[in-house]
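Asks: Dropping the sequence and predicted coords here.
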Amino acid sequence: EPEVTQTPSHQVTQMGQEVILRCVPISNHLYFYWYRQILGQKVEFLVSFYNNEISEKSEIFDDQFSVERPDGSNFTLKIRSTKLEDSAMYFCASSEYQGGSYEQYFGPGTRLTVT
Amino acid sequence: GQQLNQSPQSMFIQEGEDVSMNCTSSSIFNTWLWYKQDPGEGPVLLIALYKAGELTSNGRLTAQFGITRKDSFLNISASIPSDVGIYFCAPVGDSSGTYKYIFGTGTRLKVLA
């Protein structure tokens, strides 16, 4: 069964460093998403991406965040200058299409620890 | 802004009991989704509801999309130990036409064997 994959599973970085989190969405899906979940809290929407551009973004997704689909399979989230409060699980998700079906499939997540 | 309330926050139940949880919002939505999250894993979609009043089942799970489009409930019948986890509602598509996916605060379920 196709699934969303994410790498790395755990990333430790120092405050102020740049990190890139990688995702490979399900191959025939057209919409891609990033979420974050601070330990013990709810899942928070960051951004959705379609046709090589951002569709929606939340207030959390400020100028330090960016997303890219550098090739036909990868979808990345870049955090330019990490802060301590960026420590969280980051989940990538994809869906076949947005208009008729919102059924998103999530990856296993990347745990980001900023020290 | 939008308010989304999910309850209960947590519950301990005996194996075999039925469970009910619900979400209410201050806004109207076009779709209600229910997810389950196991520890250390990503959320997994359980049920998707697309029409107001719709009642949908998936095995022991039953969910309904409230007629006002501002609420939804999820029932689990005859709970088993593997039902343990966090359940999130996630309404989508509000009246403004945006598709910012909002998750509820979660219901943490613990099943006592």
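Replies: Thanks, I have the structure now.

Asks: following the least confident helix or strand in chain B by mean pLDDT, which helix or strand comes up?
Replies: In chain B, no helix or strand scores lower on mean pLDDT, DSSP states H and E than strand B:85-94, which sits at a mean of 89. Going down the chain from strand B:85-94, the next helix or strand is strand B:107-112, by DSSP states H and E.

Asks: That following strand and chain A, are they touching?
Replies: No - under the criterion of C-beta under 8 Å from any C-beta of the partner chain, strand B:107-112 makes no contact with chain A; the nearest approach is 9.8 Å. Backbone N, C-alpha and C define where each C-beta goes, glycine included.

Asks: what comes up buried for that strand?
Replies: Using 16 or more other C-beta atoms under 10 Å in any protein chain shown as the test for burial, strand B:107-112 gives B:107-109, B:111.

Asks: cool, stretch A:69-89 as well?
Replies: Applying 16+ other C-beta under 10 Å to stretch A:69-89 flags A:69, A:75, A:77, A:79, A:82, A:86-89 as buried.

Asks: Near chain B, which residues of chain A? Just list them.
Replies: Neighbours of chain B within chain A, by C-beta under 8 Å from any C-beta: A:4, A:33, A:35, A:41-45, A:48, A:55-56, A:58, A:91, A:93, A:98, A:101-109.

Asks: So which of those residues are in strands?
Replies: Among the residues of chain A next to chain B, the ones falling in strands (DSSP state E) are A:33, A:35, A:44-45, A:48, A:55-56, A:91, A:93, A:105-106.

Asks: Tell me the bridge partners for residue 7.
Replies: Because you didn't say which chain, this covers chain A. On the basis of DSSP bridges, A:T7 is bridged to A:R22.

Asks: hmm, I had chain B in mind actually
Replies: Beta-bridge partners of B:S7, as defined by DSSP bridges: B:N22.

Asks: Around it, how many other residues sit close by?
Replies: Look at B:S7: counted by other C-beta atoms under 10 Å in any protein chain shown, it has 14 neighbours.

Asks: can you pull the contacts of it?
Replies: By C-beta atoms under 8 Å, 6 or more residues apart in numbering or on different chains, the contact list for B:S7 reads B:21-23, B:107.

Asks: How about the closest residue to chain A within chain B, nearest residue that isn't a chain neighbour?
Replies: Ranked by C-beta to the nearest C-beta, the top residue of chain B for proximity to chain A is B:G42, at 3.3 Å. Among residues not flanking B:G42 along the chain, A:F106 sits closest, at 3.3 Å (C-beta to C-beta, 6 or more residues apart in numbering or on different chains).

Asks: shouldn't that neighbour be in contact with B:K36?
Replies: No - A:F106 is not in contact with B:K36 according to C-beta atoms under 8 Å; the separation is 10.9 Å.

Asks: and the least confident helix or strand of chain B, what other elements does it pack with?
Replies: With contacts defined as 3 or more C-beta pairs under 8 Å, 6 or more residues apart in numbering or on different chains; DSSP states H and E, the secondary structure elements packing on strand B:85-94 are strand B:4-7, strand B:19-25, strand B:29-37, strand B:71-76, strand B:107-112.

Asks: now do 7 Å
Replies: Applying 3 or more C-beta pairs under 7 Å, 6 or more residues apart in numbering or on different chains; DSSP states H and E, we find strand B:85-94 packed against strand B:19-25, strand B:29-37, strand B:107-112.
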